[in-house]
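Undergrad: Quick one, structure for this:
(one chain, ligands or ions: 2)
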Amino acid sequence: MISAERIPNNVGLSGNKRLQRALEHWQPKYIQWWRDMGPQGFQDYHQVYVRTAVSVDPAGWAHFEYVKLPEYRWGIFLADPVHDRRIGFGDFMGQPVWQEVPGEFRNQLRRLVVTQGDTEPASVEQQRWLGQRCPSLYDLRNLFQVNVEEGRHLWAMVYLLHSYFGRDGRDEAEELLERQSGNRDKPRILDAFNEPIDNWLDFFMFTMFTDRDGKSQLLSLSESSLDPLSRTTRFMLTEEAHHMFVGETGVARILDRTCQLTKVAGFSGDVRKVGGIDLPTIQKFINLWFSLSLDLHGNEVSTNAAAYFANGLKGRAYEEKWDDHRVADAMYELEMMREGRLERSHIPMRTAMNEVLRDWYVGDCQSGVTRWNKILERHGFSDRLRLPDRKFNRGIGMFSSLHLDPEGHQLSDADWERRKHEWLPSSLDREYLLSIMAEPVYEPGRFANYIAPPQRGIKGAPLNFEYVRTEA
Ligand SMILES: [Fe+2]
Ligand SMILES: [Fe+2]
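TA: Ligands and ions are numbered 1, 2, ... in the order given. This next block holds a predicted model:
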């Protein structure tokens, strides 16, 4: 039996027997999944100083305590309702939002919830070996904080499936625990979530770029006419911010240390000789995770995206900032492939909604890269990091059939094969990273050689605090 207290919630779980029964059935499978596919080697003896959401107000959300990971209290929270909330875009604009799923949009909505839900456990699976190679206890704790919150995001989507999608929803909730990242027979739905994340540069880039795609998607779902979906995703956004903080500051600390080590190695020397991560390698990982995450936004021209918008299921990021919310006849200009050539074209904006969201995403990524470059500037470096052209290394959409360099110049297949590891991580780069991460750092206050300490600890605790401790 599970009790409502074991599952912190603001959805009236104790008064909803049907939902309680459904979750009672699902929870043991979830815990088993967490043990099998979650952080490897950190299931039984380790206590982690994590934040648990116990309510949606700021005080209830900043509750810190030591817990064993499988005993984390994964909760179900919806942001507070907005009084008299109305549909904010599309064909039904101005009508009251929905508290139940309209039959005609059931399949589309289920698909949106399942696709979002699938990414959450996938990322935990991808990251499950990282604890064995952590650069510090501070970073180890941050990894686990991200992991338990992705677990909570899975709970959030499973809550929606169980509450609003009947039997199909229950089946989908089971399948969310059956697909596995990178599994040949039952892979996760989206490609970026099947890529292995076996070193900490991958992890920081993933939380910078792929969790930011999460932010894109959550922003657009938080506009949804389905009010429980909107309220669920609105609360998830507050957690997502922390994931991107981990990614951005993780890379920033590596950059800081790389600059210090470059001075040690001599500017013309090889920073790898003193155990650092060279800027060209960092740039390659930006290229990789940025392009993979661009793919997550879907095809440039999409009738699905148009239908989601028209039906009020999925809006644009910060919909209120736009003037025209119906977008009945607005056009959108984008680069398109026409008979093998790139040219600027105009298409109905509704069919370009994936591209509109991608625009927001690229801008948000660029701000982060600009902040990283300030670190190089501060150290007196003339090198700069940058985002590759958005057509570079695409696996989805009309540019996936092309080969381009990061500046957007087209390449022949042969040139691409010959040169791709100038721009994307090679197996040698990965081997090097694993070699400097082979020894995990579990000593409080110590940091691996390739990364600078953070500016401050968690919740006012010092850097040498025992963020993860082993039970005696
Ligand atoms: Fe998430
Ligand atoms: Fe996340």
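
Undergrad: Am I right that Arg51 sits in a helix?
TA: No: Arg51 is assigned strand when assessed by DSSP: H, G, I helix; E, B strand; the rest coil, not a helix.

Undergrad: nearest spatial neighbour of it, skipping sequence neighbours?
TA: Phe64 (5.4 Å; CB to CB, 6 or more residues apart in numbering). Yep, even glycine has a C-beta here, placed from its N, CA and C like the rest.

Undergrad: Angles on the backbone of that neighbour, please.
TA: Here is the backbone geometry of Phe64 (degrees, to the nearest 10): phi -110, psi 140.

Undergrad: For ligand 1, see how far away it is.
TA: Note on Phe64: its distance to ligand 1, by CB to the ion, to the nearest Å, is 20 Å.

Undergrad: In contact with the residue in the chain that ligand 1 sits nearest to, which residues?
TA: Proximity of the chain to ligand 1 (CB to the ion) peaks at His153, 3.7 Å away. Residues near His153 by CB atoms under 8 Å, 6 or more residues apart in numbering: 117, 120, 236, 239.

Undergrad: do the same with Ser293
TA: Contacts of Ser293 (CB under 8 Å, 6+ apart): 192, 209-210, 212-213, 361.

Undergrad: mind redoing it with 6 Å?
TA: Counting by CB atoms under 6 Å, 6 or more residues apart in numbering, Ser293 makes contact with 209-210, 213.

Undergrad: most surrounded residue in these?
TA: Phe209 (28 neighbours; other CB atoms under 10 Å).

Undergrad: what are the ranges of the helices in the protein?
TA: Here the chain has its helices, by DSSP state H, at 17-37, 106-126, 137-164, 166-175, 200-205, 211-221, 227-265, 279-295, 303-310, 353-378, 413-419, 427-436.

Undergrad: Kindly reformat those as TSV containing mean pLDDT and distance to ligand 2.
TA: Below are these laid out as TSV (pLDDT from 0 to 100; distance: least, CB to the ion, whole Å):
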stretch	mean pLDDT	distance to ligand 2
helix 17-37	94	16
helix 106-126	98	7
helix 137-164	97	6
helix 166-175	96	20
helix 200-205	98	12
helix 211-221	96	4
helix 227-265	96	4
helix 279-295	98	12
helix 303-310	97	22
helix 353-378	98	14
helix 413-419	97	32
helix 427-436	98	22
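
Undergrad: how about the residues of the protein that lie near ligand 1?
TA: 120, 150, 153, 214 (CB under 5 Å from the ion).

Undergrad: Please report how far Leu161 lies from Asp191.
TA: Distance of Leu161 to Asp191, computed by CB to CB, to the nearest Å: 23 Å.

Undergrad: of these two, who's got more company?
TA: Using other CB under 10 Å as the criterion, Leu161 and Asp191 rank with Leu161 on top: 24 against 13.
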